[in-house]
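Enquirer: Sequence first, then the predicted structure:
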Amino acid sequence: MLLVIDIGNTNIVFGVYKGDKLVNNWRLSTIFHKTVDEYAILINSLLYIEKIKPHEVESAIISCVVPPLLIPFEIFCGRYMGIKPLVVGPGIKTGMPILYENPQEVGADRIVNAVAGYDKHKNALIVVDFGTATTFDYVTPKGEYAGGSIAPGIMISLEALFERAAKLPRVELIRPKNVIGKNTIQAMQSGISYGYVSLVDGIIKKIREEVKTNPYVMATGGLANLIFKNSDSIDEVDEFLTLKGLKILYERNKDFHKFK
């Protein structure tokens, strides 16, 4: 079995593949001060529920945008599963030219998503990832990672509104029926949900105008479905896009890495 781990700033998403089948996936909060052993208890407990024993995991691949957590997870894989994980980073074979001024600056998850999206559609593509930040990544018709845009994430925007405006409450992130809210809570929910849809559609429109193609648009991330329902630009939501990308990168690099 293959363990795929995506370490993000807000959540750690991981799953287990048996062959080409994603057996299950889980989401943990990203907590910087949690120890290797504490993460091991959580992960092994979830695997146990699925009746997966640690020794059945033969290989692992990690994508990480939180540098302080990379070494703890490498230690976890070694100590509790007896494997040396493959890490998405410099030297890994992606099969995708990176046309960034400094390719090492691109977040590992953005590359993983781009690889997975292009592998599926084999055409010009925009990938929108609704995470801590909302990222827009453009892949050319030739399968080159061209770059993209980074905007504040939905939850960051919502928290900033609550923290910086003394009279505004913390509200649940739901989409009201009407744009014109009849009270403060509805007005905040309207501003975030409808405003964010406009941000997403606006940036996608600008990218299309700039590249002069009509790229397919995929969305992923925990809040993708919330925006998808009202967006005129998003063609598809794939909540497992990052895990699928990790599986693809594993297949492209497994013969060049010693897991034991």
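Expert: The structure has been received and is ready for your questions.
Enquirer: Next one: residue 246 from residue 103, what distance?
Expert: Distance, residue 246 to residue 103, by Cβ to Cβ, to the nearest Å: 18 Å. C-beta: built from backbone N, CA, C; applies to glycine.
Enquirer: With neighbour numbers in mind, choose between those two.
Expert: Each of residue 246 and residue 103 has its neighbours counted (other Cβ atoms under 10 Å); residue 246 has more, 31 against 13.
Enquirer: Could you measure from the more buried one over to residue 119?
Expert: 12 Å.
Enquirer: Only the buried residues of the longest helix out of those in the chain, if you could.
Expert: Counting by DSSP state H, the longest helix found in the chain is helix 184-211. Within helix 184-211, the residues that count as buried by 16 or more other Cβ atoms under 10 Å are 185-194, 196-197, 199-201, 203-204, 207-208.
Enquirer: could you give me the average pLDDT of stretch 66-80?
Expert: What stretch 66-80 shows for mean pLDDT is 95.
Enquirer: now do stretch 211-220
Expert: Mean pLDDT, computed over stretch 211-220, is 94.
Enquirer: And for stretch 124-140?
Expert: On average, stretch 124-140 scores 96.
Enquirer: Now do the end-to-end distance for that stretch.
Expert: One end of stretch 124-140 sits 5 Å from the other (Cα to Cα, to the nearest Å).
Enquirer: Pull the distance from it to the chain's centre.
Expert: Remark: stretch 124-140 is offset 9 Å from the chain centroid, using Cα atoms, centre = their mean, to the nearest Å.
Enquirer: What are the boundaries of the helices in the stretch 151-260 of the chain?
Expert: 154-164, 184-211, 224-228, 241-253 (DSSP state H, counting those that start in this stretch).
Enquirer: tell me what the second one is packed against?
Expert: Other helices and strands packing on helix 184-211, by 3 or more Cβ pairs under 8 Å, 6 or more residues apart in numbering; DSSP states H and E, are strand 125-130, strand 133-139, strand 145-152, helix 154-164, helix 224-228.
Enquirer: What of the first one?
Expert: Applying 3+ Cβ pairs under 8 Å, 6+ apart, one finds that helix 154-164 contacts helix 184-211.
Enquirer: how big is the angle separating the helix it packs on from strand 133-139?
Expert: Here helix 184-211 runs at an angle of 20 degrees relative to strand 133-139 (axes from the mean of the first three to the mean of the last three Cα atoms, to 10 degrees).
Enquirer: what angle do helix 184-211 and helix 154-164 make?
Expert: Using the same axes, to 10 degrees: helix 184-211 against helix 154-164 is 130 degrees.
Enquirer: Please find the angle between the direction vectors of helix 184-211 and strand 145-152.
Expert: Helix 184-211 runs at 160 degrees relative to strand 145-152, counting by the same axes, to 10 degrees.
Enquirer: Compute the inter-axis angle for helix 184-211 and strand 125-130.
Expert: Going by the same axes, to 10 degrees, helix 184-211 makes 160 degrees with strand 125-130.
Enquirer: Helix or strand with the lowest mean pLDDT in the chain?
Expert: helix 154-164 (a mean of 83; mean pLDDT, DSSP states H and E).
Enquirer: could I get that helix in PDB with only the CA atoms?
Expert: The C-alpha trace of helix 154-164 is given here as PDB (Å, rounded to 0.1, in the frame of the first residue of the first chain):
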ATOM      1  CA  ILE A 154     -11.800  32.400   2.300                       C
ATOM      2  CA  MET A 155     -11.400  31.600   6.000                       C
ATOM      3  CA  ILE A 156      -8.500  34.100   6.300                       C
ATOM      4  CA  SER A 157     -10.800  36.800   4.900                       C
ATOM      5  CA  LEU A 158     -13.600  35.900   7.200                       C
ATOM      6  CA  GLU A 159     -11.300  35.800  10.300                       C
ATOM      7  CA  ALA A 160      -9.700  39.100   9.300                       C
ATOM      8  CA  LEU A 161     -13.200  40.700   9.200                       C
ATOM      9  CA  PHE A 162     -14.000  39.500  12.600                       C
ATOM     10  CA  GLU A 163     -10.700  40.400  14.200                       C
ATOM     11  CA  ARG A 164     -10.300  43.900  12.700                       C
END
